[in-house]
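structure of the sequence below:
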Amino acid sequence: MSSAKTLQKGLEADLVGAPCPPAILRWLASLPDDLLAILQTLAEDGAGTWLVGGCVRDAWLARPSEDIDVCTTCTPERMLHLFGDQAIPTGLDFGTITVKGEGRHYEVTTLRTESLYRDGRRPEKVDWGTSLSEDLSRRDFTFNSMAVDVARQVLYDPYNGSSDLQKRRIRAVGDAALRCQEDALRILRAYRFMRRDEGPLWHIDPALATALSQHSNRLRMVAIERRWTELEKILTGARPGEVLGKMQNDGVLRHVFEQFSVINPDLFAIMDEQELSQLSLAQRLALLMLEYTTKEVMRQLKAFHTSKALQRSTATFHEQLGHLPEPRKSALRVFNHVLGSGAGAHLTILRSCCEAVVNLHTGLHLVVDAVENVLAHWQELDGSLAPVDCLVDGHWIMARTGAVEGRRLGRLKEWLHRIQIEEQINDLEGMEMALSRLPFEHGSPEDWPTVSFP
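Here you go, the predicted structure:
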């Protein structure tokens with residue numbers, strides 16, 4: 001099945017549609033055969049079936065979409081029968097069946113009617129429906145309330161979402177306050193949609209802006225994991241600082257970062273600098289909370305229920321950001337070894353902090369000339385940023401020192417490794433010379449240098 005034109009037409013929607021515009025027609029022509037086969041199966045069974053939501057929005061904008069969502073009049077029980085082993089009952093309570101395609105999965109959801117959202121998160125009751133009109137009326141924003149009948153090549157846009165896309169406007173479907181009360185997570189989604197491209201932020205319709213501010217406290221009714229998911233999408237997008245700044249100005253951000261009353265607006269601006277556009281999620285989080293202690297940062301990350309790996313990487317980079325390496329090449333080589341590809345980001349952030357009013361959590365006072373001096377010496381370094389392994393092991397050291405063992409042996413190896421990095425030693429002869437000048441017979445090994453920063 002290679003074309004949407006070959007599809008059988010299913011039940012017609014209870015809406016007046018219009019011919020698909022060229023961008024959506026091009027998207028329909030590129031739909032994969034396994035998806036078309038799913039649509040065909042549902043149509044042959046007499047069901048109405050439409051592509052809905054974000055995939056239609058992205059197609060109108062001529063952008064690729066990660067997910068393709070399908071809605072249908074076919075009930076979940078019937079879909080389980082129609083697709084057999086291909087069907088996975090991933091969300092039966094809400095009418096969602098996942099259908100396995102060729103190397104990918106598609107979510108197919110039965111049209112439904114819903115009662116009140118008394119807890120601000122989920123409907124109390126879900127009943128299966130046959131009205132596409134009613135289904136689209138429950139969605140969050142106008143540009144997410146568009147649907148396409150693939151077989152008929154018709155676009156349904158009852159709330160003029162395409163007009164809002166043209167105007168770069170975020171507007172609620174129907175009553176904005178009601179939409180926010182039904183599911184407070186829509187508040188965060190509205191801010192996330194503000195950054196859709198490289199241009200200025202999209203603007204929020206006045207009625208929706210009022211609702212976002214008035215109902216922001218309802219975010220605390222939403223599971224922290226769901227709030228974190230939306231925040232993560234904002235943070236990993238392009239230039240998130242401006243969005244976060246808008247959220248803080250509107251009194252919304254404090255309902256997400258519950259451990260902090262306010263975040264320094266200068267940090268939002270630093271985060272959006274072009275030189276820092278490639279920061280990782282952990283690095284952006286560390287920068288965002290730079291004025292708070294690492295212990296407080298960990299408390300917030302744990303509250304978000306983030307992964308242990310993200311907590312560790314964020315806390316490590318956060319603690320390192322409170323320190324400036326010495327402008328000696330030997331110290332900077334160790335700095336490179338420890339931070340790797342994060343070394344440049346570390347110094348760039350500190351340089352930017354010099355031009356703002358930022359109070360580092362360690363109390364370090366940054367001076368422009370000092371940071372520029374370190375940066376200049378760092379840029380003069382040669383060699384890779386990749387960490388280097390120690391050239392020797394414990395057996396090699398014991399063969400040359402005799403009685404050194406246990407904790408003393410381990411710390412001596414670390415000391416040698418640091419010297420290897422500082423002096424760029426690349427052969428065993430150089431390591432022999434380094435070992436010969438170390439007073440390892442005396443003193444506490446806990447005082448010996450290690451490969452670390454700070």
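
can you show me the strands along this protein?
Along the chain, the stretches classed as strands by DSSP state E are 18-19, 49-52, 69-72, 87-91, 96-100, 105-110, 112-114, 126-128, 147-149, 154-156, 169-170, 203-204.

lowest-confidence stretch among those strands?
Averaged per stretch, pLDDT over the strands of the chain is lowest on strand 112-114, reaching a mean of 76.

before we move on, back to that, got the strands of the chain as a markdown table, with mean neighbour count columns?
No exception for glycine: its C-beta is placed from N, CA and C like everyone else's. Shown next, in a markdown table, are the strands of the chain (neighbours: other CB atoms under 10 Å):
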| stretch | mean neighbour count |
| --- | --- |
| strand 18-19 | 10 |
| strand 49-52 | 27 |
| strand 69-72 | 23 |
| strand 87-91 | 14 |
| strand 96-100 | 21 |
| strand 105-110 | 20 |
| strand 112-114 | 17 |
| strand 126-128 | 14 |
| strand 147-149 | 26 |
| strand 154-156 | 21 |
| strand 169-170 | 22 |
| strand 203-204 | 18 |
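
and the ones you listed as a markdown table, adding distance to residue 318?
Output for those, formatted as a markdown table (distance: least, CB to CB, whole Å):
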| stretch | distance to residue 318 |
| --- | --- |
| strand 18-19 | 52 |
| strand 49-52 | 41 |
| strand 69-72 | 37 |
| strand 87-91 | 37 |
| strand 96-100 | 38 |
| strand 105-110 | 37 |
| strand 112-114 | 42 |
| strand 126-128 | 43 |
| strand 147-149 | 45 |
| strand 154-156 | 47 |
| strand 169-170 | 32 |
| strand 203-204 | 32 |
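
and of the ones you listed, who's closest to residue 80?
Closest approach to residue 80 among the strands of the chain is made by strand 87-91 (5.0 Å; CB to CB).

okay, now the sheet partners of that closest one, with direction.
Applying DSSP bridges to the sheet, strand 87-91 is found paired with strand 96-100 (antiparallel).

and the strand it pairs with with strand 105-110, angle?
Our comparison of strand 96-100 with strand 105-110, counting by axes from the mean of the first three to the mean of the last three CA atoms, to 10 degrees, yields an angle of 150 degrees.

gap between strand 96-100 and the chain center?
In terms of CA atoms, centre = their mean, to the nearest Å, the centre of strand 96-100 is found 25 Å from the chain centre.

ok, residues contacting that strand?
Under the criterion CB atoms under 8 Å, 6 or more residues apart in numbering, residues 38, 76, 79-80, 83, 86-91, 105-110 lie in contact with strand 96-100.

how about the CA coordinates for it, as PDB?
The C-alpha trace of strand 96-100 is given here as PDB (Å, rounded to 0.1, in the frame of the first residue of the first chain):
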ATOM      1  CA  THR A  96      -5.400   3.400  24.000                       C
ATOM      2  CA  ILE A  97      -4.000   0.400  22.100                       C
ATOM      3  CA  THR A  98      -0.500   0.200  20.900                       C
ATOM      4  CA  VAL A  99      -0.300  -1.500  17.500                       C
ATOM      5  CA  LYS A 100       3.100  -2.900  16.400                       C
END
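
buried sites along the longest helix along the chain?
Using DSSP state H, we find that the single longest helix of the chain is helix 406-423. By 16 or more other CB atoms under 10 Å, the buried positions in helix 406-423 come out as 408-409, 411-422.

and stretch 272-286, by the same measure?
Quick answer for stretch 272-286 (16+ other CB under 10 Å): 272, 276, 279, 280, 282, 283, 284, 285, 286.

do stretch 376-385 as well
By neighbour count with 16+ other CB under 10 Å, stretch 376-385 contains the buried residues 377, 378.

ok so, going back, tell me the one of the buried residues of stretch 272-286 nearest residue 395?
The shortest gap between residue 395 and any of these belongs to residue 282, at 36.5 Å (CB to CB).

stretch 369-389 spans what distance, first to last residue?
Taking CA to CA, to the nearest Å, the first and last residues of stretch 369-389 lie 34 Å apart.

go on, stretch 373-389?
End-to-end distance (CA to CA), stretch 373-389: 29 Å.

what's next to that stretch, contact-wise?
Applying CB under 8 Å, 6+ apart, the contact partners of stretch 373-389 are 324-329, 332-333, 335-338, 340-341, 343-344, 347, 351, 420-421, 424.

and those residues, which of them are buried?
Buried residues within the contacts of stretch 373-389, counting neighbours by 16+ other CB under 10 Å: 324-325, 327, 332-333, 335-338, 343-344, 347, 351, 420-421.

per-residue pLDDT, residue 93?
86.

go ahead and confirm it touches residue 112.
No: using CB atoms under 8 Å, residue 93 makes no contact with residue 112, being 10.5 Å away.

what is in contact with the two at once?
With CB under 8 Å, 6+ apart, residue 93 and residue 112 have common neighbours residue 126.

tally of neighbours for residue 54?
15 (other CB atoms under 10 Å).

repeat that for residue 312.
Neighbourhood size, residue 312 [other CB under 10 Å]: 13.

now residue 153: phi and psi?
Residue 153 adopts backbone torsions of phi 50, psi 50, taken as degrees, to the nearest 10.

low-confidence regions, the chain specifically.
1-5, 114-125 (pLDDT under 70).

so how far is residue 68 from the nearest residue to residue 266 once chain neighbours are set aside?
Leaving aside its sequence neighbours, residue 266 sits nearest to residue 356 (CB to CB, 6 or more residues apart in numbering; 3.7 Å). Taking CB to CB, to the nearest Å as the measure, residue 356 falls 43 Å from residue 68.

what about those two, which has more around it?
Between residue 356 and residue 68, counted using other CB under 10 Å, the more crowded position is residue 68 (22 against 13).

I'd say that one and residue 57 touch.
No: here residue 68 lies out of contact with residue 57, judged by CB under 8 Å, at a distance of 11.8 Å.

how near is the residue lying farthest from the centre of the chain to residue 55?
Distance from the centre of the chain peaks at residue 402, with 52.6 Å (CA atoms, centre = their mean). Noted for residue 402: a distance of 70 Å to residue 55, by CB to CB.

was I right about residue 300 contacting residue 289?
Yes: using CB under 8 Å, residue 300 is in contact with residue 289, at 6.9 Å.

list the residues that contact both of these two?
residue 260.

which of these two has more neighbours?
More crowded of residue 300 and residue 289, by other CB under 10 Å: residue 289, with 25 against 20.
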